[in-house]
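*Asks:* Sequence unavailable; structure follows:
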């Protein structure tokens, strides 16, 4: 489910559909923080803590600038209009989008273009944030979340919710 969600964002980035890709990418820290919480909750503090721990440039790419956690949070709030996290601390819309990815049909054949080659964004900070967050989530999942009982339980709970 998470892999499909990330694949959809990467597809949108490659196709340069920034208006669709950026809000999905900016919701990723809330999604990851919620998945790591037994009650599927996320907060500003958890968003910032997750970004501090995981958002960094790829080892091979020293030229990539990475936004600070505060910049990412401000960008996420600006793009979401209203708060992405509901009053109860649950990022309902972001988790709903994640869950619905498992129900969606396969996307059309995807072109193989490196994300680093996509440079046509009108909003450069949002593009950099999008790429940094995609990389961060992949690192988080492979290094931590794939072995985390809470994350795996929450992914399973989301998979069976209707």
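*Replies:* Happy to help now that I have it. The model shown is predicted, which means the values in this text are computed figures rather than measured ones. Numbers count the residues shown, from 1 in each chain.
*Asks:* Okay, the residue nearest the centre of the chain and residue 8: tell me how far apart.
*Replies:* Centroid-nearest residue in the chain, with CA atoms, centre = their mean: residue 28, separated by 2.4 Å. Residue 28 sits 12 Å away from residue 8, going by CB to CB, to the nearest Å. (Glycine included, C-beta is placed from N, CA and C.)
*Asks:* secondary structure class for residue 23?
*Replies:* With DSSP: H, G, I helix; E, B strand; the rest coil as the basis, residue 23 sits in helix.
*Asks:* in the chain, which spans are helices?
*Replies:* Using DSSP state H, the helices of the chain run over 2-14, 18-26, 28-35, 44-54, 69-80, 92-101, 124-143, 149-160.
*Asks:* now the worst-scoring helix or strand of the chain on mean pLDDT and helix 18-26, what's the angle there?
*Replies:* Ranked by mean pLDDT, DSSP states H and E, the helix or strand of the chain with the weakest confidence is helix 92-101, at a mean of 71. Counting by axes from the mean of the first three to the mean of the last three CA atoms, to 10 degrees, helix 92-101 lies at 100 degrees to helix 18-26.
*Asks:* Give the other helices and strands that helix 92-101 contacts.
*Replies:* Identification of packing neighbours for helix 92-101 by 3 or more CB pairs under 8 Å, 6 or more residues apart in numbering; DSSP states H and E yields helix 2-14, helix 28-35, helix 149-160.
*Asks:* Identify all contacting residues around that helix.
*Replies:* The contact list for helix 92-101, computed with CB atoms under 8 Å, 6 or more residues apart in numbering, reads 1-2, 4-5, 8, 24, 27, 30-31, 34, 40, 84, 86, 158-159, 161.
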